[in-house]
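Asks: Got a predicted model here, sequence first, then my questions.
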Amino acid sequence: MKGSGSPRKERKKKIIHRSKYEDTVIQNLTDRGIEFEYEPRTFVYQRPVRRAQCSSCGNDTGIVVLRRYTPDIRLKVNGVFIELKGKFTGENRSQMEDFLRGSPGIDLRFLFMRDNWLTGKHKSRYSDWCRKLKVKYAIGTEIPDDWLK
């Protein structure tokens, strides 16, 4: 019989941020009493356009498009920006490289859910990408204590 019986009592945890991973990390920061801002600032950076040509002069080098990037967290104690990443795709990495190249004075660090492989060939991991670019990173759901100094 349709409509009979007791209603299901399933309660899902409301996701306040963009992902459950962000919720977990932010809850951890809150529980530890660490002051932070969530998505406090948006940066504008230049991203090169491949295989493009200027319609005015015909030049095919140095053509860029302006993009925006908003880091997930800014620690109030020291102004460090932290990007929280579950999946770190090739497109994400390319965008981050362009942002980091064009924003040398910004201290951006990565907190990865796991140290996954970058590609199916299993030659390098997220941590290898960070070391190559000399970017600080950590794995897990907790901001390292040394990032809070």
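Replies: Structure's in. What do you need?

Asks: ok, now how distant is the residue nearest to residue 75 when sequence neighbours are not counted from residue 133?
Replies: Counting by C-beta to C-beta, 6 or more residues apart in numbering, residue 75 lies nearest to residue 36, which is 5.4 Å off, once chain neighbours are set aside. Where you see a C-beta, it was placed from the backbone N, CA and C, and this is true even at glycine. According to C-beta to C-beta, to the nearest Å, residue 36 and residue 133 sit 24 Å apart.

Asks: Ok, residue 63 next?
Replies: For residue 63, the distance to residue 133 - C-beta to C-beta - is 24 Å.

Asks: cool, and residue 86?
Replies: Taking C-beta to C-beta as the measure, residue 86 falls 19 Å from residue 133.

Asks: and if you look at residue 116?
Replies: With C-beta to C-beta as the criterion, residue 116 and residue 133 are 17 Å apart.

Asks: what does residue 87 give?
Replies: On the measure of C-beta to C-beta, residue 87 and residue 133 end up 18 Å apart.

Asks: Also residue 26?
Replies: The value you get for residue 26 to residue 133, if C-beta to C-beta is used, is 25 Å.

Asks: Who has more neighbours out of the two?
Replies: Between residue 26 and residue 133, counting by other C-beta atoms under 10 Å, residue 26 is the more crowded of the two (19 against 14).
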